[in-house]
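[1] quick one: sequence and predicted model below, then my questions.
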Amino acid sequence: MSKQYLKYGGVRFVNNATPEAINSFVDGLSDIQRRSLFNVVTLLEEEGLISLIEGDTTTIDKNMEEFLVPNSENQLR
């Protein structure tokens with residue numbers, strides 16, 4: 001199984017339920033509950049629908065790697 005990461009958080013997670021069950025749960029949340037990705041992820045974890053993998057995070061979007069600019073002053077001048 002490929003690794004999955006939250007797109008806007010970089011935290012690795014695994015599904016403990018089917019995508020359909022997860023989507024159904026999220027669809028049942030109020031607009032206020034769905035306003036924050038952090039809140040949705042917290043609720044999914046509390047319900048046991050996903051498990052977060054501590055210490056395994058990424059901040060790089062693999063689809064954007066070719067556009068990354070080195071973080072160096074010399075390179076930016």
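    That came in fine, so what should we check first?

[2] in this structure, which spans are helices?
    Secondary structure of the chain (DSSP state H): helices at 19-27, 31-34, 37-46, 73-76.

[3] so the top strand by length along the chain versus helix 37-46, what angle?
    Of all the segments of type strand in the chain, defined by DSSP state E, the longest one is strand 50-57. Following axes from the mean of the first three to the mean of the last three C-alpha atoms, to 10 degrees, one obtains 120 degrees for the angle between strand 50-57 and helix 37-46.

[4] buried set for stretch 16-24?
    Buried residues in stretch 16-24, counted by 16 or more other C-beta atoms under 10 Å: residue 22. Yep, even glycine has a C-beta here, placed from its N, CA and C like the rest.

[5] before we move on, back to that, looking at the helices of the chain, which one is packed in the most?
    With neighbours defined as mean count of other C-beta atoms under 10 Å, these peak in mean count at helix 37-46, which reaches a mean of 14.

[6] can you spell out which helices and strands pack onto it?
    helix 19-27, helix 31-34, strand 50-57 (3 or more C-beta pairs under 8 Å, 6 or more residues apart in numbering; DSSP states H and E).

[7] returning to that earlier point: can I get the longest strand of the chain in PDB? Just the C-alpha atoms.
    What follows is strand 50-57, C-alpha atoms only, in PDB (Å, rounded to 0.1, in the frame of the first residue of the first chain):
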ATOM      1  CA  ILE A  50      -7.900   6.900  10.500                       C
ATOM      2  CA  SER A  51      -4.700   6.600  12.400                       C
ATOM      3  CA  LEU A  52      -2.000   9.300  12.300                       C
ATOM      4  CA  ILE A  53       1.600   8.100  12.100                       C
ATOM      5  CA  GLU A  54       3.600  10.100  14.600                       C
ATOM      6  CA  GLY A  55       7.000  11.300  13.400                       C
ATOM      7  CA  ASP A  56       6.300  10.600   9.700                       C
ATOM      8  CA  THR A  57       5.600  13.900   8.000                       C
END
